[in-house]
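Peer 1: What follows is a predicted protein model with its sequence.
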Amino acid sequence: MASAGMRIAVFLTLALFPAALAQAPSPTATPKGPPNITAVLEKGGQYTTLIRLMKSTQQDTQLNSQLNNSFNGNGYTVFAPTDNAFNSLKPGTLNSLTQQQQVSLVQGHILPQYYTFDLFETASNPVRTQASGKDGPYTLNITANTQNQLNVSSGVVEITVNNALSVVKPLAVYSVDKVLLPLELFGAKAPAAAPTASKAPKKGGSSGAASGPAGSDDSTDDSTGAASARAVGWSVAGLAAVLGYLL
Ligand SMILES: *[C@@H]1O[C@H](CO)[C@@H](O)[C@H](O)[C@H]1NC(C)=O
Ligand SMILES: *[C@@H]1O[C@H](CO)[C@@H](O)[C@H](O)[C@H]1NC(C)=O
Ligand SMILES: *[C@@H]1O[C@H](CO)[C@@H](O)[C@H](O)[C@H]1NC(C)=O
Ligand SMILES: *[C@@H]1O[C@H](CO)[C@@H](O)[C@H](O)[C@H]1NC(C)=O
């Protein structure tokens, strides 16, 4: 009698409170605080350059504090270039950037939305990043297939991504083997020393006196030097033109 009553009680409990059954065997995975991009990268073991760059640009604390508040927001996705990716850049590439450009470079690897591989299939291009300039946000074009593979293009660099480092809402981190150089910083429009240097002698060529000083300064190979050489060329040419006019 008692055991039949007990069985009925257990039956009623499970029937009326199925959650009690569902929750009993749940694993011990209680989320411990907000995710930490630095900790994820440190655990990955091959992101020391990115960690350093995020630190010097304060994007680590920036992102971590945003993550702390984003449990009800869209979350974040980070494309994390490996140390090899940074090492294969042209020497001096990072140092050629201003502090603000380094911030933009890092932010250009961060999407203000949490994407799993599946969610990437629903993303519409161009996908905006955290970086923005005077022409609006820096963007990436991202295509995904059903085999957990992405093609990501910055307009300058195109890579295939298939290595998820950590994908735990609200932070997804994917390993990438190239730095996604932004179009805005490294595109064809960006000033290069070569074209301006070849322009300078042509400009000064209209006046024999002007081509001397401008041309003799071509030992400098940085763009600032080329720009000032060009400025000298122009001002000398302008002076010669004015003198020629007056005489
Ligand atoms: C994130 O992790 C790094 C490295 O483990 C640690 O130094 C830092 O204090 C952590 N930041 C936060 C906000 O918990
Ligand atoms: C996250 O925010 C809470 C409340 O605002 C704060 O107490 C906590 O220290 C923050 N944690 C981190 C890791 O920043
Ligand atoms: C990525 O590009 C490669 C080569 O261009 C192509 O074979 C592959 O199908 C593309 N994958 C996706 C997900 O678009
Ligand atoms: C993305 O694709 C569009 C259309 O093909 C193109 O105009 C744009 O330049 C691309 N942007 C990037 C960052 O690759």
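Peer 2: Cool, the structure landed. Computed from a predicted model, the values in this text were never measured in an experiment. Ligands and ions are numbered 1, 2, ... in the order given.
Peer 1: Mind listing what's buried along the helix or strand where residue 66 lies?
Peer 2: Counting by DSSP states H and E, the element that carries residue 66 is helix 59-68. The neighbour-count check on helix 59-68 (16 or more other C-beta atoms under 10 Å) flags 59, 60, 62, 63, 64, 66, 67 as buried. The way it works is simple: take the backbone N, C-alpha and C, and place the C-beta from them, glycine included.
Peer 1: How much space separates the second one from residue 122?
Peer 2: Same thing as residue 60. Residue 60 sits 29 Å away from residue 122, going by C-beta to C-beta, to the nearest Å.
Peer 1: One more: residue 179?
Peer 2: Taking C-beta to C-beta as the measure, residue 179 falls 26 Å from residue 122.
Peer 1: Could you list the low-pLDDT ranges of this structure?
Peer 2: 1-32, 70-72, 189-247 (pLDDT under 70).
Peer 1: Would you mind finding the longest strand in it?
Peer 2: strand 136-145 (DSSP state E).
Peer 1: can you tell me if it touches ligand 4.
Peer 2: Yes. Strand 136-145 lies within reach of ligand 4 by C-beta under 6 Å from any ligand atom, at 139, 140, 141.
Peer 1: show me what contacts the first one?
Peer 2: Contacts for residue 139 (C-beta atoms under 8 Å, 6 or more residues apart in numbering) come out as 125, 126, 127, 128, 129.
Peer 1: for the last one, same thing?
Peer 2: For residue 141, the contacting residues are 125, 126, 127, 152, 153, 155, taking C-beta under 8 Å, 6+ apart as the criterion.
Peer 1: ok, the residues you listed vs residue 50, which is closest?
Peer 2: residue 152 (15.9 Å; C-beta to C-beta).
Peer 1: tell me the SS of that closest one?
Peer 2: Put simply, residue 152 is strand when judged by DSSP: H, G, I helix; E, B strand; the rest coil.
Peer 1: Show the contacting residues for it.
Peer 2: Each residue near residue 152 by C-beta under 8 Å, 6+ apart is listed here: 79, 140, 141, 142, 158, 159, 160, 161, 176, 180.
Peer 1: Tell me the one of these nearest ligand 1?
Peer 2: residue 79 (19.3 Å; C-beta to the nearest ligand atom).
Peer 1: Taking helix 59-68 as reference, get the angle to the helix or strand containing that closest one.
Peer 2: Using DSSP H and E, residue 79 sits within strand 76-81. Orientation check (axes from the mean of the first three to the mean of the last three C-alpha atoms, to 10 degrees): strand 76-81 against helix 59-68 gives 150 degrees.
Peer 1: helices or strands up against strand 76-81?
Peer 2: Contacts defined by 3 or more C-beta pairs under 8 Å, 6 or more residues apart in numbering; DSSP states H and E place strand 76-81 against helix 37-44, helix 48-56, helix 59-68, strand 110-111, strand 171-176.
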